[in-house]
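Enquirer: model the following, please.
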Amino acid sequence: MINIGVIGCGKIAQVRHLPEYADNKQVKIAGVFDLCKERAEEIAGQYGAKAYDSYQELLQDESIQAVSVCAANAAHCTITVEALQAGKDVLCEKPMAVTLEECEKMVQTARETGKFLMIGHNQRLVQTHAKAKKLIDAGEIGKILTFKTNFGHKGPETWAIDSKNIWFFDKKYAAFGAMADLGIHKTDLIQFLTGQKVESVMAYLGTRDKKDKEGNPVSVDDNAICIYQMSGGAVGTMCASWTYYGEEDNSTILYGTEGVMRIYDNPEYSLIVEKKDGTKAYYALDKIQTNDAQTKSGIIDLWVDCLVNRIPPEISGEEALYAMKAIFAAKESSEKGIIVKCG
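Expert: A predicted model of the protein is given here:
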């Protein structure tokens, strides 16, 4: 039995980490910490854990072997580095950190301590994306020429526990907006599906509509529109938005030399392959989770399997670093109005 600590008891911890740990018989939620002491105590009571007065106190507990870092973006690096140095394996929520230097520090610390660092990029784990990857690797649509991948919804207002103080909208805590909240998922996904890394970026990151509680534009982007040039020659768009005020869009379409693959682009079929010769294949595999309809992510079970069997995580800090480089390149591109190479 592996003892787990959860640092940060906000929405992502409450709908994913905590219930999925509780559902896995190979781990025990041993400790929790949150800046809101009352919330931590309530969560601790719910899961039979101990509520700590600080995350440092939790990390000093030698009985806790691994932690989930579910704090605000700006705290990811500090907590993760301290956790690794305290001998804990770390599952850190996305985005990995708020600067490239912080991301690299996390990776280096994991390497130096020999502890696992995994990042919560869950989209590559869903059934339809896993099937799409197998079909692409088998040459089902030939060489990928272009693509478009989108992730947009109404925004984090309904996701945040305190709707009057949404840290997602505060640059001090979040650093980015929709780009790091949603765009990181699709950036990691497109690299996973194509087997190519983002090589260069031309991007727009801006605030189109979201307002803070005083009615002023929020200090982070609520829309990101990027053109990605991939290392293997594919070119495509990645759009992330908090202003899709209709149904959530979490679709990806890939255009290859032998056909087209449509992923979560149809309400009935999660995957459609349209071949050059006119034939079509339809797959009704699953429904992707949304803010309003959460399903099991697969992240926690994969993480626990890594911990139990001491298998280095596929979605490691080193792997996540490639996606983060694209995020930082997009920010620079938007600020300077130029194409920016990643890394």
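
Enquirer: and residue 328, what does it touch?
Expert: Applying Cβ atoms under 8 Å, 6 or more residues apart in numbering, we find residue 328 in contact with 99, 100. Where you see a C-beta, it was placed from the backbone N, CA and C, and this is true even at glycine.

Enquirer: again, only this time at 6 Å
Expert: By Cβ atoms under 6 Å, 6 or more residues apart in numbering, residue 328 lies in contact with residue 100.

Enquirer: and the gap between it and residue 334?
Expert: From residue 328 across to residue 334, the span is 11 Å (Cβ to Cβ, to the nearest Å).

Enquirer: residue 4 in helix, strand or coil?
Expert: Using DSSP: H, G, I helix; E, B strand; the rest coil as the criterion, the local structure at residue 4 reads strand.

Enquirer: need phi/psi at the closest residue in space to residue 113 that isn't next to it in sequence.
Expert: Using Cβ to Cβ, 6 or more residues apart in numbering and skipping the chain neighbours, the partner closest in space to residue 113 is residue 84 (4.8 Å). Phi and psi for residue 84, reported as degrees, to the nearest 10, are phi -60, psi -40.

Enquirer: then the one 5 residues further on?
Expert: Phi and psi for residue 89, reported as degrees, to the nearest 10, are phi -80, psi 150.

Enquirer: doesn't residue 116 make contact with it?
Expert: Yes. The pair residue 89 / residue 116 is scored as a contact, 4.1 Å apart, by Cβ atoms under 6 Å.

Enquirer: helix/strand/coil for residue 58?
Expert: Relying on three-state DSSP, one would call residue 58 helix.

Enquirer: mind listing what it touches?
Expert: 5, 31, 33, 52.

Enquirer: so the residue nearest to residue 113 is in contact with residue 112, correct?
Expert: No. Residue 84 is beyond contact range of residue 112, at 8.2 Å (criterion: Cβ under 6 Å).

Enquirer: between the two, who's got more neighbours?
Expert: A direct count of neighbours by other Cβ atoms under 10 Å for residue 84 and residue 112 places residue 84 higher, at 25 against 10.

Enquirer: just for the stretch 51-200 of the chain, where's the confidence low?
Expert: Along the stretch 51-200 of the chain, segments meeting pLDDT under 70 span 159-165.

Enquirer: which residues in it form strands?
Expert: With DSSP state E, counting those that start in this stretch as the criterion, the stretch 51-200 of the chain has strands at 66-69, 89-92, 117-119, 144-152, 198-206.

Enquirer: tell me who's in contact with residue 327.
Expert: Neighbouring residues of residue 327 by Cβ under 6 Å, 6+ apart: 180, 184.

Enquirer: can you give me the pLDDT of residue 261?
Expert: Listed pLDDT for residue 261 reads 98.

Enquirer: start at 257, not 1
Expert: Taking 257 as the first residue, the last one we looked at is residue 517.

Enquirer: residues in contact with it?
Expert: Contacts of residue 517 by Cβ under 6 Å, 6+ apart are 397, 510, 529.

Enquirer: which among those count as buried?
Expert: 397, 510, 529 (16 or more other Cβ atoms under 10 Å).

Enquirer: next, the nearest residue to the first one once chain neighbours are set aside: phi, psi?
Expert: Put plainly, it is residue 397. Of all residues not flanking residue 397 in the chain, residue 512 sits nearest, at 3.3 Å (Cβ to Cβ, 6+ apart). Per-residue torsions, residue 512: phi -120, psi 180 (degrees, to the nearest 10).

Enquirer: domains for the protein, by residue range?
Expert: Taking automatic domain parsing as the reference, the chain has its domains at 258-377, 379-553+578-597.

Enquirer: for residue 564, find the nearest of those domains.
Expert: Residue 564 sits nearest to domain 258-377 of all these, at 5.4 Å, using Cβ to Cβ.

Enquirer: distance between the ends of that closest one?
Expert: Distance between the two ends of domain 258-377: 22 Å, counting by Cα to Cα, to the nearest Å.
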